[in-house]
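Asks: Sequence first, then the predicted structure, then my questions.
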Amino acid sequence: MKKYFVVQTEEQLDLTGQFSAASWSHAHEITDFTYPWENSGAGKMKFRAMYNRAWLYLLYEVQEPVVRVYRKTGAKIEVTMSERVEIFMRKNAKMNPYYCLEIDPTGLVYDYEAKYHREFNPAWSWPKGHLVIKGEEIDQGYRVQCAISLESLKQLDLLHGKKLEAGLFRGRCMQAGENADLKWISWVTPDSPTPDFHIPSAFGMLHLE
């Protein structure tokens with residue numbers, strides 16, 4: 001299983017203010033994202049993570065000349081019609097259950113519980129007060145920061161010791177809206193001939209150092 005080692009920090013990151021490059025400078029960086037179902041390169045995307053005694057922090061940085069976001073009512077389902085980054089976290093290899101966070105460039109999150117295969121419960125929400133997200137535009141792209149409480153990961157039986165089984169993805173939006181056109185980018189190449197992240201082979205391991 002592909003692994004990413006999450007650096008420990010003593011800091012408590014403030015996601016409400018200005019982005020602090022210094023705070024993230026010691027985190028390991030992932031750039032080996034691919035288009036599993038396309039013949040072209042996946043473009044530039046970076047992922048970093050850190051944790052402290054209370055929170056797991058995630059950072060996505062995406063270079064995209066045209067960032068397409070659909071917004072009509074602000075309902076969380078609109079994330080699925082937009083450019084977005086994603087993290088799926090599973091309880092076990094059977095994916096019964098697993099939990100998904102799909103986040104658009106503005107910070108709107110589509111959070112839901114699921115069971116294998118593709119049994120979605122969009123009415124479910126991440127425990128209140130245990131998830132903080134900030135999305136912002138940057139030069140030629142966007143940045144998403146996310147803080148997930150370790151307490152919530154333990155409550156959902158996702159964090160086993162220092163290990164969190166997770167998939168890291170991006171939906172690159174070529175056309176936003178109800179007829180959205182997306183190309184799919186992944187950290188791990190899933191064992192599927194057609195686009196599908198909702199399968200066991202799409203997951204890797206986040207290991208808290």
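Replies: Ah, there it is.
Asks: Need phi/psi at the residue lying closest to residue 74 once chain neighbours are set aside.
Replies: Nearest non-adjacent residue to residue 74, counting by CB to CB, 6 or more residues apart in numbering: residue 108, 7.1 Å away. Just so you know, the C-beta spots here come from the backbone N, C-alpha and C atoms, and that holds for glycine as well. Reported as degrees, to the nearest 10, the phi and psi values for residue 108 are phi -70, psi 130.
Asks: Does residue 108 touch residue 81 like I think?
Replies: No. Contact criterion CB atoms under 8 Å: residue 108 and residue 81 do not qualify, at 10.9 Å.
Asks: Compare the two (neighbour count), which wins?
Replies: residue 81 (23 against 19; other CB atoms under 10 Å).
Asks: wait, what's in contact with the more buried one?
Replies: When contacts are counted by CB atoms under 8 Å, 6 or more residues apart in numbering, residue 81 touches 70, 176, 177, 178, 180.
Asks: Could you do residue 23 as well?
Replies: Neighbouring residues of residue 23 by CB under 8 Å, 6+ apart: 9, 11, 13.
Asks: tell me, how many neighbours does the nearest residue to residue 19 once chain neighbours are set aside end up with?
Replies: With sequence-adjacent residues excluded and distances taken as CB to CB, 6+ apart, residue 19 is closest to residue 143, at 6.6 Å. Neighbour count for residue 143, taken as other CB under 10 Å: 17.
Asks: quick one, phi psi at residue 143?
Replies: Phi and psi for residue 143, reported as degrees, to the nearest 10, are phi -130, psi 140.
Asks: Helices of this protein, residue ranges please.
Replies: 150-155 (DSSP state H).
Asks: For burial, what's the neighbour tally of residue 97?
Replies: A count of nearby residues for residue 97, using other CB under 10 Å, gives 19.
Asks: Looking at it now. What's its pLDDT?
Replies: On pLDDT, residue 97 comes in at 97.
Asks: How about residue 42?
Replies: Reported pLDDT for residue 42: 83.
Asks: contacting residues around it?
Replies: 33, 34, 35, 170, 172, 185.
Asks: at 6 Å instead, please
Replies: Contacts for residue 42 (CB atoms under 6 Å, 6 or more residues apart in numbering) come out as 33, 34, 35, 185.
Asks: swap in residue 183?
Replies: The neighbourhood of residue 183, defined by CB under 6 Å, 6+ apart, consists of 38, 172.
Asks: how about 8 Å then?
Replies: Contacts of residue 183 (CB under 8 Å, 6+ apart): 35, 37, 38, 171, 172, 174.
Asks: Throw together a PyMOL command that grabs the buried residues out of these.
Replies: Per 16 or more other CB atoms under 10 Å, the buried members of the contacts of residue 183 correspond to this PyMOL selection:
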select buried, resi 35+37+171+172
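Asks: any idea how far residue 93 lies from residue 86?
Replies: 19 Å (CB to CB, to the nearest Å).
Asks: Then residue 109?
Replies: Note on residue 109: its distance to residue 86, by CB to CB, is 10 Å.
Asks: what touches both of the two?
Replies: Residues touching both residue 109 and residue 86 by CB under 8 Å, 6+ apart: 101, 102, 103.
Asks: low pLDDT regions in the chain?
Replies: Within the chain, no stretch has pLDDT under 70.
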